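K.L.:
I would like the atomic coordinates for the input below:
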Amino acid sequence: MDDYTVKSVDKAFWLLEVVSDHPDGIAITELAKRVGMYKSTVHRLLGTMMRRGYIEQDPKTGRYKLGYTVLDLGIKLLSSIDLRREALPYLQELAHLSNEVVHLALLDRGEVVYIDKVESANTIRMHSRVGTRVPVHATGLGKAILAFLPRREVQAIIDRYGLPKLTEHTITNRDAFLQSLQETRRTGCAFDIEEHQVGVCCVAAPVFEHSGRVVAACSVSGPSNRMGPDRLRDLVPLVKEAGRRISERLGYGDGAARARG
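P.N.:
Next up, the predicted model:
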């Protein structure tokens with residue numbers, strides 16, 4: 001076994017793979033026999049995965065099967081792959097028109113995850129990278145997504161993750177934050193004025209899929225000495241248009257109505 005392999009994690013994934021081959025569920029005794037582990041070890045690993053939603057136990061038969069977290073991950077993977085492919089031409093165009101760095105991100109477990117990035121021709125580069133996770137409340141991307149989620153989902157995210165202060169500009173008051181989301185929903189764009197990182201500003205717009213649910217956001221980011229109020233105002237229609245066009249590519253026919261022009 002590779003020196004870098006964590007044995008308990010490797011065993012958990014092995015169990016997950018075996019369980020996935022049994023859509024009607026598998027008994028713990030049979031599962032332990034299949035993987036060659038002690039029943040007590042299998043029970044502990046299954047318990048951990050059940051708490052995370054990766055495994056479920058049928059209350060009637062006691063058999064174990066895949067949980068909906070696995071489905072959720074698969075859907076997110078497929079969505080992100082399709083989303084990146086469909087969005088890329090518009091991200092590239094936005095980077096060309098703005099001459100700044102462009103990001104595409106989605107929401108995952110209370111954080112924003114960058115799933116694509118297009119560098120500009122400008123010499124000053126952003127240190128962000130694809131796969132980076134950042135707090136949802138302190139980014140234009142996060143606020144552009146939250147503003148179009150059901151209020152109960154937003155409240156649940158705030159309750160769980162809070163509004164921690166990252167810079168002196170971070171909005172940490174719940175009422176003020178919710179008010180900023182209302183403004184984003186009204187205008188169709190969100191701003192990050194050094195709220196996540198000192199010296200960096202951003203303007204973002206939501207991206208909707210065919211059912212009308214917000215699934216991502218796109219943004220233009222740059223150093224605050226280039227991204228003053230006038231510059232941000234000029235970028236708003238470009239970012240919103242990119243979000244609208246990506247939404248249309250995802251089958252959302254009323255993107256323009258949600259990201260108002």
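K.L.:
Only C-alpha atoms from now on, for both contacts and neighbour counts.
P.N.:
Will do.
K.L.:
Now for Leu16, how many residues are close by?
P.N.:
21 (other Cα atoms under 10 Å).
K.L.:
let me redo that: Gly142
P.N.:
Neighbours of Gly142 under the rule other Cα under 10 Å: 29.
K.L.:
May I have the secondary structure class of it?
P.N.:
Under DSSP: H, G, I helix; E, B strand; the rest coil, Gly142 falls in the helix class.
K.L.:
Would you agree it is in contact with Gly110?
P.N.:
No. In this structure, Gly142 is not within contact of Gly110 by Cα atoms under 8 Å, at 9.1 Å.
K.L.:
Quick check: neighbours shared by those two?
P.N.:
Pro135, Val136 (Cα atoms under 8 Å, 6 or more residues apart in numbering).
K.L.:
where exactly do the helices run in the chain?
P.N.:
7-20, 28-35, 39-51, 68-98, 140-146, 151-161, 174-187, 229-249, 255-258 (DSSP state H).
K.L.:
which of those sits most buried?
P.N.:
helix 140-146 (a mean of 30; mean count of other Cα atoms under 10 Å).
K.L.:
Need the contact partners of stretch 181-194.
P.N.:
By Cα under 8 Å, 6+ apart, stretch 181-194 touches 138-141, 143-144, 146-148, 167, 169-170, 200-206, 224, 236, 240, 258-261.
K.L.:
now do stretch 38-54
P.N.:
12, 15-16, 28-29, 31-32, 55-57, 66-70.
K.L.:
for stretch 129-143, same thing?
P.N.:
So stretch 129-143 is contacted by 105-107, 110-117, 163, 166, 170-171, 181, 184, 190-192, 195-196, 202-206, 216-219 (Cα under 8 Å, 6+ apart).
K.L.:
How about stretch 30-37?
P.N.:
For stretch 30-37, the surrounding residues in contact (Cα under 8 Å, 6+ apart) are Trp14, Leu15, Val18, Val19, Tyr38, Lys39, Val42.
K.L.:
so what's the fourth one up against?
P.N.:
Put plainly, it is Val19. Counting by Cα under 8 Å, 6+ apart, Val19 has contacts Gly25, Ile26, Leu31, Tyr64, Lys65, Leu66.
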